[in-house]
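[1] A predicted structure for the sequence below; I have some questions about it.
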Amino acid sequence: MEWTGVRYADKPTVQVQTWIDASPQRVWELVSDIELMPTMSQELQSIEWLDGATEPAVGAKFVGHSKHEALGQWATTSQVIECESEKVFAWAVEDPANPTAIWRFRLEPKDGGTELSQWMQLGPARSGLSFAIDQMPEKEQKIVFVRMREFEQNMGFTLQQIKKLAES
C-alpha cells in the first residue's frame, strides 16, 4: 500500500486479504461474531451489542473499546451498514452519514475455500487521529502514513487469526 503524501481529508483506505481453506459459511461464523474480534486484535479490547441487538443486521449498533500505546483508551459506537450472510459485513464508526471510519469484511468462494478481505477507510469525519494532527499539522502526512501501516499490520494479524480458527 502507498500512503506517502496522503492527508486525512483524502479518506485513505487499506485492504488485506487471505485465502482460507474453509467454507464461506464457516468463515462467516467467525467474521460476524463481533464479540470474538477482541481476541484477534491488538487494539480492540471489548465489544458489546447495543439496544438489544445480538447479531449483525443492517442498523444494529455496537460499542467497541480500544487501547493504543500512543493514543490511549477510547470507545466508539458503530452501526452495521452492510450485512449479507457469507458475503459482506460492514460497519460505520460513529455517524453512518459522516463516519470517522468504515470497516468491511468480504467473503468470496474460491478454489474450494474462501477468499477473505478486510478493508477500512479513515474519515471523512474527525477521529482521535485528528487531535494528533491538530497538535502537529506539519506532520499530518507522516501521522496518517504511520496509522495506516498500523491498520494494515493489525488487519493482517486479524485475518491470520480468523484463518487459524476456520481451518482448525
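    Structure received. Numbers count the residues shown, from 1 in each chain.

[2] drop to CA atoms for contacts and neighbour counts, all remaining ones
    OK.

[3] so what's residue 42 closest to, chain neighbours aside?
    Nearest in space to residue 42, with sequence neighbours left out and distances taken as C-alpha to C-alpha, 6 or more residues apart in numbering, is residue 154 at 6.7 Å.

[4] hmm, the one you found is touching residue 38, no?
    No - using C-alpha atoms under 8 Å, residue 154 and residue 38 do not qualify as a contacting pair, with a distance of 11.6 Å.

[5] next, give phi and psi for residue 141.
    Backbone torsions of residue 141, given as degrees, to the nearest 10, read phi -60, psi -40.

[6] what strand or helix carries residue 78?
    With elements delineated by DSSP states H and E, residue 78 resides in strand 72-84, which encompasses its position.

[7] typo on my end, it should be residue 47
    Per DSSP H and E, residue 47 falls inside strand 44-49.

[8] could you give the mean pLDDT of that strand?
    For strand 44-49, the mean pLDDT works out to 95.

[9] who does that strand touch, helix- and strand-wise?
    Secondary structure elements in contact with strand 44-49, counted by 3 or more C-alpha pairs under 8 Å, 6 or more residues apart in numbering; DSSP states H and E, are strand 61-68.

[10] got a list of contacts for the strand it packs on?
    43-51, 53, 73-80 (C-alpha atoms under 8 Å, 6 or more residues apart in numbering).

[11] ranges for the helices of the protein?
    24-31, 128-135, 140-167 (DSSP state H).

[12] most remote residue from the middle of this structure, which is it?
    If you look at how far each residue of the chain sits from its centre, by C-alpha atoms, centre = their mean, the farthest one is residue 138, at 27.2 Å.

[13] any idea of the pLDDT on the most centrally placed residue in the chain?
    For the chain, the residue lying nearest the average C-alpha position, counting by C-alpha atoms, centre = their mean, turns out to be residue 103 (4.1 Å). pLDDT, the model's per-residue confidence, is 97 for residue 103.

[14] that one bridge partners, please.
    Assessed by DSSP bridges, residue 103 has beta-bridge partners residue 91, residue 120.
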